[in-house]
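A.B. asks: Dropping a prediction and its sequence here:
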Amino acid sequence: MNKKWGFITLAGLLFLGACSDGEASTDEDGVRTLTVAVPPTSKPLSWEENGKLTGYEPDILRLVDEKLEDYEFDLVGVADSAAEIGLDTGKYDMIAQGLFKSEERAEKYLLPDENNGASLMRIYKRNDSDDIENMKDLVGKKIVPTTPTGGVFNFIMDWNENNPDHEIEFQTSDAGLSYADRMREVESGKYDALILPSNLGQNEIIESQDMQIVTTEPVEVFPTYFMIYKNEENEALRDDISEALAELKEEGKLSELSLKYYGEDVFQFTE
């Protein structure tokens, strides 16, 4: 099926925002054009290369769009926090940011029945730290500070609430350290461990910089979902995307993309 794929630069978002009223445009053939926000610098999840958005999420979106004759996706590169704000206001019709379901998101947005991936929470440690294999092993250990909001912070808070006998002490920080710098702090011995989802390109960093860092098996698995602007018209879009994702899973194409970008089939952990 021939479809036009658009890439809208960040500079053009002001124009988009001025024109958007929360409704996707529809051409004379009845095809709705949807503006979909993806990360521009989150390799391998999604990043811009040679003027084109590429990565796990963009490739899935292209496969989904091929199955949906009534829709055309325009991908735009948008930072995570700005993407959710834009979805709240209807500036974007959908966001694909490797996000997992929460009560708040399920209330605010439309989520497909089918997940499009998984965020595998893992512990990153020095390769000689044989005493760390799971969350209980982190009791009394020094943990790299987390950002005061977001998935890792919420995960540890939930763990402590549900496991009062194995409460983990940790600090928060807005320092904005890169993932490479955080892993170096573990490698140097400043901290004992780092907790992060493993879909943020850490394995590539470890290999390219020959770090003495290894990871545990997933300590938690969070299926990830597309988030769709909530209105009555988009309920049909949600159902169509759910059907397309189910077909792509059955065809093995999502597993292929997971192996391509993450080096493992994340869907083995969500079945």
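C.D. replies: Yes, it's here. Keep in mind it's a predicted model, so treat the numbers as computed, not measured.
A.B. asks: can you pull the contacts of the residue positioned nearest the centre of the chain?
C.D. replies: Residue closest to the mean C-alpha point of the chain, counted by Cα atoms, centre = their mean, is residue 98 at 1.5 Å. For residue 98, the contacting residues are 39, 42, 45, 56, 57, 117, 119, 197, 199, 224, by Cβ atoms under 8 Å, 6 or more residues apart in numbering. From N, CA and C alone the C-beta is placed, and that goes for glycine too.
A.B. asks: Repeat that for residue 79.
C.D. replies: By Cβ under 8 Å, 6+ apart, the contact set of residue 79 is 39, 40, 41.
A.B. asks: Quick one: the strands in the stretch 101-250 of the chain, in order.
C.D. replies: 117-126, 193-197, 213-215, 220-228 (DSSP state E, counting those that start in this stretch).
A.B. asks: so which of those strands comes closest to residue 162?
C.D. replies: strand 220-228 (11.2 Å; Cβ to Cβ).
A.B. asks: got the buried residues for the closest one?
C.D. replies: By neighbour count on 16 or more other Cβ atoms under 10 Å, the buried set for strand 220-228 is 220, 222, 223, 224, 225, 226, 227, 228.
A.B. asks: and what of stretch 235-247?
C.D. replies: Result for stretch 235-247 [16+ other Cβ under 10 Å]: buried residues 237, 238, 240, 241, 242, 243, 244, 245.
A.B. asks: could I get those residues as TSV with distance to residue 142 and pLDDT?
C.D. replies: Output for those, formatted as TSV (distance: Cβ to Cβ, whole Å; pLDDT from 0 to 100):
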residue	distance to residue 142	pLDDT
237	46	98
238	43	98
240	48	98
241	43	98
242	43	98
243	47	98
244	45	98
245	40	98
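A.B. asks: can you tell me which of the residues you listed lies nearest to residue 210?
C.D. replies: Distance to residue 210 across those (Cβ to Cβ) is lowest for residue 245, with 37.5 Å.
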